[in-house]
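# Just a sequence and a predicted model for now, questions to come.
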Amino acid sequence: LEEKERLACSVDPKHFIHYDNPKPVVAAIVEYEGEGLLARNAKWPPTWFALITGFLEANESPEEAIKREVMEEIGLD
């Protein structure tokens, strides 16, 4: 996937990233062989899981956004 250039903190770019349109979000329920697939962040407590989610980019449709998020998060096209 192509990385987009974004405004970020000059001291620590991973600490704060400015997203142009941070409010609309999408979430996916991914089903595989009859079971739901949940995401997990390595920084979370071991009992925390979540749906695949993400922010819409500027001028991106919800359909485009969820396809991109699923690809980014779990590598499925």
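Received it, and whenever you're ready, just let me know what you need.

# Over to residue 55: give its phi and psi.
Backbone torsions of residue 55, given as degrees, to the nearest 10, read phi -80, psi 150.

# My guess is it contacts residue 17. True?
No: at 10.5 Å, residue 55 and residue 17 do not qualify as touching, with contact defined as CB atoms under 8 Å. Every residue, glycine included, has its C-beta placed from N, CA and C.

# need the helices for the protein, in chain order.
In the chain, helices defined by DSSP state H lie at 62-74, listed in chain order.

# among the helices and strands of it, which one scores worst on average pLDDT?
Sorting the helices and strands of the chain by mean pLDDT, DSSP states H and E puts strand 17-18 at the bottom, at a mean of 68.

# Quick one: residues contacting the residue nearest the centre of the chain.
Ranked by distance to the mean C-alpha position of the chain (CA atoms, centre = their mean), the top residue is residue 54 at 3.5 Å. For residue 54, the residues meeting the contact criterion (CB atoms under 8 Å, 6 or more residues apart in numbering) are 25, 26, 65, 66, 68, 69, 72, 73.

# any idea how far residue 33 is from it?
Distance, residue 54 to residue 33, by CB to CB, to the nearest Å: 24 Å.

# Could you do residue 39 as well?
If you go by CB to CB, the gap between residue 39 and residue 33 works out to 17 Å.

# Tell me which of those two has more neighbours.
For residue 39 against residue 33, the residue with the higher neighbour count under other CB atoms under 10 Å is residue 39, and the figures read 16 against 5.

# Return the residues in contact with that one.
Counting by CB under 8 Å, 6+ apart, residue 39 has contacts 49, 50, 51, 52, 53, 73, 74.

# Check the burial of the closest residue to residue 6 other than its chain neighbours by counting its neighbours.
Ranked by CB to CB, 6 or more residues apart in numbering and with sequence neighbours excluded, the top spatial neighbour of residue 6 is residue 17, at 5.4 Å. Residue 17: 11 surrounding residues under other CB under 10 Å.

# close enough to count as contact, residue 17 and residue 4?
No: taking contacts as CB under 8 Å, residue 17 lies outside contact range of residue 4: 10.3 Å.
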